[in-house]
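**Q** Next come a sequence and a model predicted from it.
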Amino acid sequence: DTEVTQTPKHLVMGMTNKKSLKCEQHMGHRAMYWYKQKAKKPPELMFVYSYEKLSINESVPSRFSPECPNSSLLNLHLHALQPEDSALYLCASSQGRRGDTEAFFGQGTRLTVV
Amino acid sequence: GEDVEQSLFLSVREGDSSVINCTYTDSSSTYLYWYKQEPGAGLQLLTYIFSNMDMKQDQRLTVLLNKKDKHLSLRIADTQTGDSAIYFCAEEGASKIIFGSGTRLSIRP
């Protein structure tokens, strides 16, 4: 199983809503990532979890709150988002050791904030 | 610093070969990747090359790595309409993957 599964595939939420994005992998990878991708742009890193601990936060606003409940799951909790947060949110995983293996990406959650 | 550059567009005739080029800056990158992204979809890992290799071939795909010039290329032989997509070059930075801007490949009949 070399899949990273993200749910939901599409999400429309209002600016006062609270929602969560979910990501799951069963490859035994110990590093998991959230990327944000705006239209026609490359993905931008938001967070990295390594061995279930947050290791990188790329100055992401607090309305995005990551959580890693266990080594297979990664969540991104969303609250009080702005329309400019509309984007494709991509989850990825890798072994977590530099040079060890490639990173696998999920299909993404397309988020629209209205 | 870490930076990856690609040209934004490439147009080729169906059946011809496509060559997408990329330059990177981090000479300590161990892995270099090519990802494909179709409209509205996530990133699909096409292929990758380990930094001690010069070339890797996988069916219609050939990756060439010139480590001295920090230049990476992806050749797609016999390009088909299904190859239309954005192709991202990426290098393995410190604890993260650094992406180029992506090259939009379009296929002419």
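**A** Nice, thanks for sending it over.
**Q** Mind listing what's buried along stretch B:70-88?
**A** Going by neighbour count (16 or more other C-beta atoms under 10 Å in any protein chain shown), the buried part of stretch B:70-88 is B:70, B:72, B:73, B:74, B:75, B:76, B:79, B:83, B:85, B:86, B:87, B:88. C-beta here means a position set from N, CA and C on the backbone, and glycine is covered the same way.
**Q** Show me what the second one is bridged to.
**A** When bridges are assigned using DSSP bridges, the partners listed for residue B:72 are residue B:22, residue B:65.
**Q** Spit out the contact partners of it.
**A** The contact partners of residue B:72, taken as C-beta atoms under 8 Å, 6 or more residues apart in numbering or on different chains, are B:21, B:22, B:23, B:24, B:32, B:34, B:49, B:63, B:64, B:65, B:66, B:89.
**Q** and if you look at residue B:102?
**A** Residue B:102 neighbours (C-beta under 8 Å, 6+ apart): A:40, A:41, A:42, B:6, B:8, B:37, B:86, B:87, B:88.
**Q** Which helix or which strand is home to the residue most central in space within chain A?
**A** Nearest to the mean C-alpha position of chain A, by C-alpha atoms, centre = their mean, lies residue A:34 at 2.9 Å. Remark: residue A:34 resides in strand A:31-37, with elements defined by DSSP states H and E.
**Q** wait, residue A:60 sits on residue A:47?
**A** Yes: applying C-beta atoms under 8 Å as the test, residue A:60 and residue A:47 come out as touching, 6.6 Å apart.
**Q** Counting neighbours, go ahead and name the busier of these two.
**A** residue A:47 (22 against 17; other C-beta atoms under 10 Å in any protein chain shown).
**Q** which residues does the more buried one bridge with?
**A** Applying DSSP bridges to residue A:47, the residues it is bridged with are residue A:34, residue A:57.
**Q** Can you add pLDDT and give the buried residues of stretch B:70-88 back as JSON lines?
**A** Formatted as JSON lines, the buried residues of stretch B:70-88 follow (pLDDT from 0 to 100):
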{"residue": "B:70", "pLDDT": "91"}
{"residue": "B:72", "pLDDT": "95"}
{"residue": "B:73", "pLDDT": "97"}
{"residue": "B:74", "pLDDT": "97"}
{"residue": "B:75", "pLDDT": "98"}
{"residue": "B:76", "pLDDT": "97"}
{"residue": "B:79", "pLDDT": "97"}
{"residue": "B:83", "pLDDT": "96"}
{"residue": "B:85", "pLDDT": "95"}
{"residue": "B:86", "pLDDT": "94"}
{"residue": "B:87", "pLDDT": "96"}
{"residue": "B:88", "pLDDT": "94"}
